[in-house]
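[1] I'd like to go over a predicted model; first the sequence, then the structure.
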There are 2 protein chains.
Amino acid sequence: MTADTVDTSIKGITGVGDTGGVAAVTSAVRGRVDELLAGFLDARRPPVGDPDVAEGYRLLREFVVEGGKRIRPLLCYWGWRGAGGEEPHEDRAVVTGAALELYHAGLLIHDDVMDGSELRRGRPTIHRGLAGAPRWTGAETFGQSAAILLGVLAQAWADELLADAAAGDARGRAARALFNRMRTEVVTGQYLDILAHARADADVEQALTVIRYKTARYTVERPLQIGAALAGAPPALLEAYSRFGLPLGEAFQLRDDVLGVFGDPAVTGKPVLDDLREGKRTVLMAYAYARARGPERDRLRTWHGAPDLDERRAAELRQIIVDTGALGEVEDLIALRAGQALGALSDCAIAPEAARALAVLTERLTRRVR
Amino acid sequence: MTADTVDTSIKGITGVGDTGGVAAVTSAVRGRVDELLAGFLDARRPPVGDPDVAEGYRLLREFVVEGGKRIRPLLCYWGWRGAGGEEPHEDRAVVTGAALELYHAGLLIHDDVMDGSELRRGRPTIHRGLAGAPRWTGAETFGQSAAILLGVLAQAWADELLADAAAGDARGRAARALFNRMRTEVVTGQYLDILAHARADADVEQALTVIRYKTARYTVERPLQIGAALAGAPPALLEAYSRFGLPLGEAFQLRDDVLGVFGDPAVTGKPVLDDLREGKRTVLMAYAYARARGPERDRLRTWHGAPDLDERRAAELRQIIVDTGALGEVEDLIALRAGQALGALSDCAIAPEAARALAVLTERLTRRVR
């Protein structure tokens, strides 16, 4: 399946000219999540009166409120709508989505510490921003420690936000149980990811396992299911969301990996050399390693993960990724997974506007350029 | 007030020969918390089948189950008993105490990453243990990242454990609200702590603010109140627990700071040079900085926080801490706070066996050698 046939499938589900309402709702949900997060974080006053502590809280607020695509809240919302969620209980789905976003912010802050990343969403990462204040001794260490703490704080607060929305009844408990599983899965997926990096030997299969837990379940399957659980969805629908969400989540991460090497920094918000310099063991790179021979293989081993990688060497690496057919394999895999997702979506017995919205999201999360 | 008068006060409350029952209950609670944590962690199977992930889970389990004094669970339990908690609901207090302990394990794991500590409880810290596996590339980075993730996992699981115990009724919600405040307080206290370290200028007052949030509220006040809330305690008792818990918590941290410099590593479980090498900005050191003059001040500035500090220089620093009267000031402060705690305890309208147990804990947490 190619990108063109994916487009056709989307049109098949959404229908021409039928996405206006969905776009308006999506935009409204995003606005309400933003507003809710801003209000929640504004209400968190540091228990100690220190200007630098207040500055840490402010940075966290800014990071959460002023960036992010709100993918998880949107999937939570549409998962809820798809499962028959209706107006009077809408707040519950939106607050839960906001909790997912806040949790995610904490996870990203830690991710950037672990990867030593400089930029996120086009701005300095939290630990870099905090290390940048010139008056500190041991600024690097301070930045990292402060970022660990702010990430922990964001995750604890996410929990408080979720407790409000998921309290009380069986639906709330079901959503909560899925949230708990999601946390364990994503952290374990990240653990497997840093293991793969440390072992420096991840094959394609292992790299696919990492993205299943780190992204596919975490970013797509669980948010959909959490929303669905809040609407009292039966097990069959939760399973249907898995069949849709897992391939979509894999396609999304594969696309992200491709953009991390070939993407436009103005669009991705992070330097295009970061992934190659960090030596990320993505599926894309696993294919390249598996297929490169002789001098190509040597160059891959030498320059992938080299902190002093420059643009010329990066261009050579990109050429190897293309020449070995690794890029082509991953593009095929993205198209295949996106097609599987859309196929599974059309089999989901859900509200039509939710099906349309999820088809649009599928296209947005997997298309060639964002 | 001296250490001797503290002893007398304890005898006044506990009565001679009257602590046997309390000791048996304390020991039973500790046993049940251990058992509960072991069972809970044994049931957590990694969602991916990778031997190194399983090893990470195993290390976390070992860290939680095989070490720790269970101070917070004991305070939670006795706070609950003191507030009139009775047998049929005892599990709730014990499970909540176990959740506090699991949360604390996560916090310690992060603490050790932030401080770069080598030993904890007489064993390698989690990040050191994981970095020690010789086959990794970038072993240091792997150890730190893995420890960040395991700390996050412990905190998420603590939350799950607490959700079970604190669900459903108004008492549970009150306990939950206190737990939420506690998390924000301790993380903010740690933030203030690393700020003080980065600024390298903490005065006595600031160092006291750090220990109020990082230890006094977190270790003593909140666990007591959380237990009390589970027993439906009225606001007056929560306030009485504050008046007891805050000075006790401060005295405990001050004692810990003294032991960090003067203690026996065989007892404390950590190298006696760690605190001095890390340049910890404790109240003890704040007094020393405030009082040292001339060459003493220079030596303090040069060697406190020097990574290559040796035993001879450490002995000089200890002498300065004694000669400036800093140690004496802190010992006086410990005695004063312990006395305030015992005074407040005798004013608490709580069950007599709880008062006895808390008096015994006060002595244990603040006495000169543990």
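    Sure thing, it's come through.
[2] run through who's touching stretch A:283-294.
    If you take Cβ atoms under 8 Å, 6 or more residues apart in numbering or on different chains as the criterion, stretch A:283-294 is touched by A:202-204, A:206-208, A:211, A:254, A:257-258, A:261, A:297, A:300, A:304, A:320-321, A:324-327, A:329-330, A:333. The way it works is simple: take the backbone N, C-alpha and C, and place the C-beta from them, glycine included.
[3] now those: which count as buried?
    A:202, A:204, A:206-208, A:211, A:254, A:257-258, A:261, A:297, A:300, A:304, A:320-321, A:324, A:326-327, A:329-330, A:333 (16 or more other Cβ atoms under 10 Å in any protein chain shown).
[4] if we check chain B, which of the residues you listed are in contact?
    The subset of the buried ones among the contacts of stretch A:283-294 within reach of chain B, by Cβ under 8 Å from any Cβ of the partner chain, is empty.
[5] quick one: which of the residues you listed sit in strands?
    Using DSSP state E, no member of the buried ones among the contacts of stretch A:283-294 sits in strands.
[6] all strands of chain A, in order?
    A:119-120, A:123-124.
[7] which positions in the stretch 1-150 of chain A make contact with chain B?
    Residues of the stretch 1-150 of chain A lying near chain B (Cβ under 8 Å from any Cβ): A:44, A:46-48, A:50, A:52-53, A:56, A:110, A:113-114, A:116, A:135-139, A:141-142, A:144-146, A:148-150.
[8] any of the residues you listed buried? List them.
    Applying 16+ other Cβ under 10 Å to the residues of the stretch 1-150 of chain A next to chain B flags A:46-48, A:50, A:52-53, A:56, A:110, A:113-114, A:116, A:136, A:138, A:141-142, A:144-146, A:148-150 as buried.
[9] circling back to that earlier point, which ones among the residues of the stretch 1-150 of chain A next to chain B lie within helices?
    A:52-53, A:56, A:110, A:113-114, A:139, A:141-142, A:144-146, A:148-150 (DSSP state H).
[10] related to what we said a few turns ago, name the stretch among the strands of chain A that sits most buried.
    Of all these, strand A:119-120 carries the top mean neighbour count, a mean of 19, counting by mean count of other Cβ atoms under 10 Å in any protein chain shown.
[11] quick one: strands adjacent to that one?
    Here strand A:119-120 has these sheet partners by DSSP bridges: strand A:123-124 (antiparallel).
[12] what residues does the partner strand touch?
    A:67, A:118, A:129, A:132, A:269.
[13] got those residues as a markdown table, with neighbour count columns?
    Converted to a markdown table, those look like this (neighbours: other Cβ atoms under 10 Å in any protein chain shown):
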| residue | neighbour count |
| --- | --- |
| A:Gly67 | 15 |
| A:Glu118 | 15 |
| A:Gly129 | 18 |
| A:Gly132 | 11 |
| A:Gly269 | 13 |
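[14] which one of those residues sits closest to B:Arg173?
    A:Gly67 (32.9 Å; Cβ to Cβ).
[15] can you tell me the closest non-neighbouring residue to A:Glu278?
    Distances taken as Cβ to Cβ, 6 or more residues apart in numbering or on different chains place A:Asp115 nearest to A:Glu278, at 5.5 Å, with adjacent residues excluded.
[16] do the same with A:Ile211
    A:Gln253 (4.2 Å).
[17] residues near that neighbour, how many?
    When neighbours are defined as other Cβ atoms under 10 Å in any protein chain shown, A:Gln253 has 27 of them.
[18] what residues are up against it?
    A:211, A:214-216, A:219.
[19] from those residues, which ones fall inside helices?
    A:Ile211.
[20] report the lowest-confidence entry in the contacts of A:Gln253.
    Minimum pLDDT for the contacts of A:Gln253 is recorded at A:Lys214 (90).
[21] and the closest residue to it other than its chain neighbours, how far from B:Ala43?
    In space, and not counting its chain neighbours, A:Lys214 is closest to A:Gly189: 3.4 Å by Cβ to Cβ, 6+ apart. Computed as Cβ to Cβ, to the nearest Å, the A:Gly189 to B:Ala43 distance reads 20 Å.
[22] of those two, which one has the most company?
    Neighbours were counted for A:Gly189 and for B:Ala43 using other Cβ under 10 Å; A:Gly189 has more, 23 against 7.
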